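Peer 1: got a predicted model here, sequence first, then my questions.
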Amino acid sequence: KMTRRLFIFGLGFSGLEIAKLARAGGWTVAGTCTTEEKARRLREAGIEAYRFDGTTPLSPDAFGEPSHVVCTIAPGEPGDPALRTCRDLLGRARWLGYLSTTGVYGDHEGGWVDETTAPLPTQTRSRQRLAAEQGWRNLAAETGASLHLLRLPGIYGPGRSTLDRVRDGTARRID
């Protein structure tokens with residue numbers, strides 16, 4: 001029987017929910033977070049966690065031999081941090097998942113979009129996501145891994161919704 005090991009780049013709100021579901025299904029789960037303090041707390045909760053700043057590759061021992069990899073980390077100007085620093089390690093997995101955004105579709109003035117709609121991102125961060133999607137496609141093609149790109153419309157953890165930002169005075173208008 002093949003070991004089911006999931007490695008998650010980004011154990012934030014979405015990554016932790018994925019980790020919890022995978023662990024409940026009998027998977028071994030490991031992943032990254034931005035601080036050593038959070039990594040320690042996650043390890044105490046039974047999740048192998050490693051600090052990852054997006055500039056230094058993970059050690060092969062930390063990454064292990066995952067059958068599946070999910071990336072929830074947003075790319076920045078220099079690109080996707082997991083692809084940029086850990087590309088060689090990512091080739092070990094047979095399945096790759098990338099959480100992107102519906103922002104890659106651009107502004108359709110309230111019209112419907114679906115998977116067949118051509119991406120036309122207007123915001124910098126959406127263009128970065130689209131470039132990251134292409135990077136994950138290229139990796140999957142090079143390694144023969146299966147890839148699932150998930151374009152999510154918005155992820156709001158506790159205290160992070162638009163209404164929460166209006167209440168606490170940090171909301172901003174986007175023209």
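Peer 2: Good, I have the coordinates. The structure displayed is predicted, hence computed values, not measured ones.

Peer 1: only C-alpha atoms for contact and neighbour calcs from this point on.
Peer 2: OK.

Peer 1: hey, which helix or strand in this protein has the poorest pLDDT?
Peer 2: Taking mean pLDDT, DSSP states H and E as the measure, the helix or strand of the chain with the lowest value is helix 162-167, at a mean of 81.

Peer 1: just the strands in the chain please.
Peer 2: For the chain, applying DSSP state E gives strands covering 5-9, 28-33, 48-51, 68-71, 95-101, 146-152.

Peer 1: what lines up beside the first one in the sheet?
Peer 2: What it means is strand 5-9. Strand 5-9 pairs in its sheet with strand 28-33 (parallel), strand 68-71 (parallel), by DSSP bridges.

Peer 1: export those strands to TSV and tack on mean neighbour count, distance to residue 119 and mean pLDDT?
Peer 2: TSV is the format used below for the strands paired with strand 5-9 (neighbours: other CA atoms under 10 Å; distance: least, CA to CA, whole Å; pLDDT from 0 to 100):
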stretch	mean neighbour count	distance to residue 119	mean pLDDT
strand 28-33	24	29	96
strand 68-71	23	20	98
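
Peer 1: let me have those strands in CSV, extended by distance to residue 135.
Peer 2: Listed next are these as CSV, based on distance: least, CA to CA, whole Å:
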stretch, distance to residue 135
strand 28-33, 20
strand 68-71, 12
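
Peer 1: mind checking those strands for the one nearest to residue 169?
Peer 2: Nearest of the strands paired with strand 5-9 to residue 169, taken as CA to CA: strand 28-33 at 27.7 Å.

Peer 1: name the residues that touch that closest one?
Peer 2: Residues outside strand 28-33 that contact it (CA atoms under 8 Å, 6 or more residues apart in numbering) are 4-12, 19, 22-23, 39, 47-52, 63.

Peer 1: likewise stretch 59-77?
Peer 2: Stretch 59-77 is contacted by residues 3-11, 14-15, 30, 50, 80-82, 89-90, 92-100, 125, 128-129, 132 when judged by CA under 8 Å, 6+ apart.

Peer 1: against residue 171, how distant is the residue nearest the centre of the chain?
Peer 2: Most central in the chain under CA atoms, centre = their mean is residue 72, positioned 1.2 Å from the mean C-alpha point. Using CA to CA, to the nearest Å, we find residue 72 at a distance of 23 Å from residue 171.

Peer 1: and what of residue 152?
Peer 2: Per CA to CA, residue 152 is found 21 Å from residue 171.
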